[in-house]
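> Got a predicted model here, sequence first, then my questions.
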Amino acid sequence: MLKKIESRRILSLSVAALISFNTFGSVFAEGVIKEDIKEPVAIEVEDKSIDKEIKVNKVLDNVDNKQAGETKQLETKDQKELKPEVIKENPQEAEIKDETEEINNEKPETGEVQEESPVTLEEEVIDETVLDKFVIEGNGLAKTKHTLKAEARSRNKVLYKFFIKDFKTNKWTVIQDYSEKNTADWTPSANGKYQYGVHIKDSMSELERETHRYVSFEIADLKPAVLERFVIEGSSKINTPHTLKAYANASNQVLYKFFIKDLKTNKWTVIQDYSEKSSAVWVPEVDGSYWYGVHIKDSMSKLDKDNHKYAPIKIEPIDPAVLENLTIEGVLEAKTPQTIKAQAKAENGVLYKFFVKDLKTNKWEMIQDYSDKNSVTWIPSVAGNYQYGVHVKDRLSKKDRDSHKYSPVKISQLKPAEIVSFTIEGSGYEKTNHTLRASAEGRNDVLYKFFVKEVKTNRWVMIQDYSVKNTVNWKPTAIGQHEYGVHVKDKLSDRDKDNHLYKPFTVNPPV
């Protein structure tokens with residue numbers, strides 16, 4: 001118990017010494033003592049540390065005397081508790097009095113004196129609130145973010161309050177009120193001299209602050225963005241994409257703004273307003289002389305631009321497509337397919353457009369609009385004189401055509417189908433099966449139409465209409481003289497028949 005009392009005496013003396021230390025007006029900032037700096041909140045403390053030490057010693061002497069009396073008269077659990085002795089003291093000694101009364105009220109649970117286990121100072125002392133570290137992180141430039149960070153310890157949770165002082169106005173600004181958050185962000189709007197500060201206290205403290213620190217520093221002007229390189233990529237031909245690219249550095253994000261100036265009109269055109277995108281695409285539609293340019297600035301800059309660059313460029317027309325040849329492939333007969341082919345070269349790919357003109361009507365007909373397909377199929381419906389033609393141009397050309405060619409062609413009548421053979425197979429007797437078989441050739445598929453005629457009646461009977469089938473079955477129902485026949489024609493022929501053949505045949509009575 002005496003050891004515990006001795007520890008409390010040392011604590012009390014430390015408290016008195018701490019009160020005495022806090023009465024000085026100096027501020028510690030980054031290891032430097034700065035005198036007479038105005039703080040956001042000032043607390044005046046009267047220096048009574050010497051009187052407090054004397055009074056603390058008196059109280060501790062009383063505690064020693066009372067403890068000696070307690071060891072002579074011990075009470076059991078059934079006895080009444082000893083009431084604390086009332087000591088009239090001033091309010092500044094209230095905390096010390098409470099501690100002495102607590103000691104007087106302690107009593108053993110049995111009739112024997114119990115020895116106290118050793119008590120270390122760390123277990124009994126409530127630690128003071130201590131600021132271990134206070135820094136500011138940032139680049140020291142105006143209009144850029146800075147972070148104030150503090151690290152502190154206390155008995156309970158630590159509360160932090162952050163300030164900034166502008167020496168131009170000599171005013172403090174709270175940028176974050178008391179909270180458990182130990183960081184605060186601040187973006188200085190202008191250059192100049194500042195102080196950053198922090199107040200800290202225990203979360204259970206009723207004081208305005210328990211400790212603090214202020215640090216002076218300077219904020220410089222925001223550095224302008226620096227343009228390192230500016231280029232344009234493209235063919236320098238009209239109707240082709242050109243990419244403007246800029247490379248720059250800044251304290252924060254770099255913003256880019258791109259322009260094009262047509263020297264014919266002497267006017268600038270913004271092709272991309274300020275953004276973080278460092279490139280822009282431009283497609284010139286007219287050849288001529290131009291300027292391309294870029295403005296750059298720091299994203300926090302209030303200027304219209306930090307830096308810029310302009311460069312000239314000459315845009316040339318696209319080289320026209322060159323037509324190398326035009327041909328027509330086919331039999332050159334009506335109703336048969338004709339293939340018109342063209343070959344051309346161009347820088348960006350060739351587009352082809354095909355035409356046919358009937359000289360009877362003297363009118364052109366477009367049979368394929370512009371595409372990258374270099375051939376087209378044409379089937380002339382009738383024989384006659386024609387012209388076939390092609391227009392070609394570069395894929396990016398805005399002209400109606402870069403080059404063209406027309407060629408004459410004579411289309412003949414469709415060659416008629418020719419009969420190669422025609423036979424009848426069977427016994428020659430009435431009411432028995434017979435097969436008519438024909439073979440023919442034509443430009444396209446050949447169609448066959450079969451007939452039978454009884455000479456007595458002189459009437460033809462069609463036993464199969466036009467089809468690609470070249471055989472047909474027939475069973476004669478009468479005896480006597482007959483004729484069997486076939487008509488053939490090309491599948492695309494407009495005629496009733498291209499060729500025909502009839503043969504006599506005698507039908508005999510059945511055996």
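Happy to help now that I have it.

> Helices of the chain, residue ranges please.
Counting by DSSP state H, one finds helices in the chain at the ranges 2-21, 49-72, 94-105, 121-124.

> surely S493 meets A417?
Yes. Here S493 reaches A417: they are 7.2 Å apart, a contact under Cβ atoms under 8 Å. In this view, the C-beta of every residue, glycine as well, is placed from N, C-alpha and C.

> quick one: low-confidence parts of the protein?
1-127 (pLDDT under 70).

> For P504, which non-adjacent residue is spatially closest?
E483 (5.5 Å; Cβ to Cβ, 6 or more residues apart in numbering).

> Please name the bridge partners of that neighbour.
Taking DSSP bridges as the rule, E483 bridges to K453, P504.

> I'd like the distance between it and F422.
12 Å (Cβ to Cβ, to the nearest Å).

> and if you look at V215?
For V215 relative to F422 (Cβ to Cβ), the value is 119 Å.

> Also A321?
56 Å.

> before we move on, what about G197?
Counting by Cβ to Cβ - G197 and F422 are separated by 119 Å.

> So which of those two has more stuff around it?
G197 (26 against 21; other Cβ atoms under 10 Å).

> wait, doesn't that one sit right on V215?
Yes. Look at G197 against V215 with Cβ under 8 Å: they come within range, at 7.3 Å.

> Which residue, other than its chain neighbours, is closest to the residue nearest the centre of the chain?
Centroid-nearest residue in the chain: K277, 12.0 Å away (criterion: Cα atoms, centre = their mean). What sits nearest to K277 in space, not counting adjacent residues and going by Cβ to Cβ, 6+ apart, is Y256, at 6.5 Å.

> cool, and V392?
V392 sits nearest to A344 (Cβ to Cβ, 6+ apart), 4.3 Å away.

> Could you list everything K245 pairs with in the sheet?
Beta-bridge partners, per DSSP bridges, of K245: V231, S279.

> ok, now which ones touch it?
K245 sits next to R229, F230, V231, I232, E233, S278, S279 when contact means Cβ atoms under 8 Å, 6 or more residues apart in numbering.

> got those as a markdown table, with distance to I379 and neighbour count columns?
A markdown table is the format used below for the contacts of K245 (distance: Cβ to Cβ, whole Å; neighbours: other Cβ atoms under 10 Å):
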| residue | distance to I379 | neighbour count |
| --- | --- | --- |
| R229 | 60 | 9 |
| F230 | 58 | 22 |
| V231 | 54 | 12 |
| I232 | 51 | 16 |
| E233 | 48 | 11 |
| S278 | 57 | 18 |
| S279 | 52 | 15 |
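
> Can you tell me which of these is closest to F134?
S278 (39.0 Å; Cβ to Cβ).

> V420 contacts A440, correct?
Yes. Counting by Cβ under 8 Å, A440 is a contact partner of V420 at 5.9 Å.

> More neighbours: these two, which one.
A440 (23 against 11).

> surely that one meets Y448?
Yes. With contact defined as Cβ under 8 Å, A440 counts as touching Y448 (7.1 Å).

> Find the residues that touch each one of these two.
With Cβ under 8 Å, 6+ apart, A440 and Y448 have common neighbours N470, V488.

> Strands of the stretch 101-250 of the chain, residue ranges please.
Using DSSP state E, counting those that start in this stretch, the strands of the stretch 101-250 of the chain run over 130-137, 146-153, 158-166, 171-179, 183-186, 192-202, 211-219, 226-233, 242-249.

> Name the residues of the fifth one that are buried.
The neighbour-count check on strand 183-186 (16 or more other Cβ atoms under 10 Å) flags A184, W186 as buried.

> Repeat that for the second one.
Within strand 146-153, the residues that count as buried by 16+ other Cβ under 10 Å are H146, L148, A150, A152.

> That one pairs with which strands, and in what direction?
Per DSSP bridges, strand 146-153 is paired in its sheet with strand 130-137 (antiparallel), strand 183-186 (antiparallel).

> Looking at strand pairing, list the partners for I164.
Under the criterion used (DSSP bridges), I164 bridges to T173, Y196.

> Now do the contacts for Y160.
Going by Cβ under 8 Å, 6+ apart, the list of residues near Y160 reads A150, A152, Q176, Y178, S179, E180, K181, N182, A184, V198, H199, I200.

> rerun at 6 Å
A150, N182, V198, I200 (Cβ atoms under 6 Å, 6 or more residues apart in numbering).

> Do you have the strands of the stretch 301-450 of the chain handy? List them.
307-315, 322-329, 338-345, 350-358, 363-371, 375-378, 384-394, 403-411, 418-426, 434-441, 446-454.

> Quick one: those strands as JSON lines, columns for distance to F134 too.
Formatted as JSON lines, the strands of the stretch 301-450 of the chain follow (distance: least, Cβ to Cβ, whole Å):
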{"stretch": "strand 307-315", "distance to F134": "37"}
{"stretch": "strand 322-329", "distance to F134": "77"}
{"stretch": "strand 338-345", "distance to F134": "75"}
{"stretch": "strand 350-358", "distance to F134": "73"}
{"stretch": "strand 363-371", "distance to F134": "74"}
{"stretch": "strand 375-378", "distance to F134": "82"}
{"stretch": "strand 384-394", "distance to F134": "70"}
{"stretch": "strand 403-411", "distance to F134": "80"}
{"stretch": "strand 418-426", "distance to F134": "111"}
{"stretch": "strand 434-441", "distance to F134": "107"}
{"stretch": "strand 446-454", "distance to F134": "105"}
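
> Give me the neighbour count for the closest residue to K297 other than its chain neighbours.
Excluding the flanking residues, the one nearest K297 by Cβ to Cβ, 6+ apart is D306, at 4.1 Å. Neighbourhood size, D306 [other Cβ under 10 Å]: 20.
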